[in-house]
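>>> sequence first, predicted model second:
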Amino acid sequence: MPRNSTKAFLVGKMVQDKDTEKSERVMRALLQMDKIDIKTLKEEYETTNYRYYIRG
């Protein structure tokens with residue numbers, strides 16, 4: 001599977017999670033990104049806090 005397809009698959013799985021808090025955190029972070037940062041999205045997916053990615 002090409003690298004971009006893998007990223008899209010991972011992002012899709014995180015955004016479509018049945019746990020709405022997880023998927024909302026990922027979506028908030030994703031919408032603020034210029035380039036998709038899988039590491040940051042995974043951190044948001046796995047965290048229990050609302051510390052989403054903020055561009056500086």
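Ah, there it is.
>>> show me what contacts Y45?
Neighbouring residues of Y45 by CB atoms under 8 Å, 6 or more residues apart in numbering: 14, 17, 22, 25-26. Yep, even glycine has a C-beta here, placed from its N, CA and C like the rest.
>>> how about M27, nearest residue that isn't a chain neighbour?
V15 (5.6 Å; CB to CB, 6 or more residues apart in numbering).
>>> show the contacting residues for the one you found.
V15 touches 23, 26-27, 30, counting by CB under 8 Å, 6+ apart.
>>> mind listing what's buried in stretch 7-17?
10-11, 14 (16 or more other CB atoms under 10 Å).
>>> where does the prediction get shaky in this protein?
Applying pLDDT under 70 to the chain flags residues 1-3, 48-56.
>>> any idea which element L30 lies in?
helix 20-31 (DSSP states H and E).
>>> G12 too?
Per DSSP H and E: helix 3-15 holds G12.
>>> that older thread, what is the nearest of the contacts of V15 to T47?
V26 (10.2 Å; CB to CB).
>>> around the closest one, count how many other residues there are.
By the criterion of other CB atoms under 10 Å, V26 has 26 neighbours.
>>> what sits against the nearest residue to V26 once chain neighbours are set aside?
In space, and not counting its chain neighbours, V26 is closest to M14: 4.4 Å by CB to CB, 6+ apart. By CB under 8 Å, 6+ apart, M14 lies in contact with 22-23, 26, 41-42, 45.
>>> for the residues you listed, which two are the farthest from each other?
Taking CB to CB, no two of these sit farther apart than S23 and K42, at 13.2 Å.
>>> just want to know which of those two has more residues nearby.
More crowded of S23 and K42, by other CB under 10 Å: S23, with 17 against 13.
>>> residues contacting the more buried one?
S23 neighbours (CB under 8 Å, 6+ apart): 14-17.
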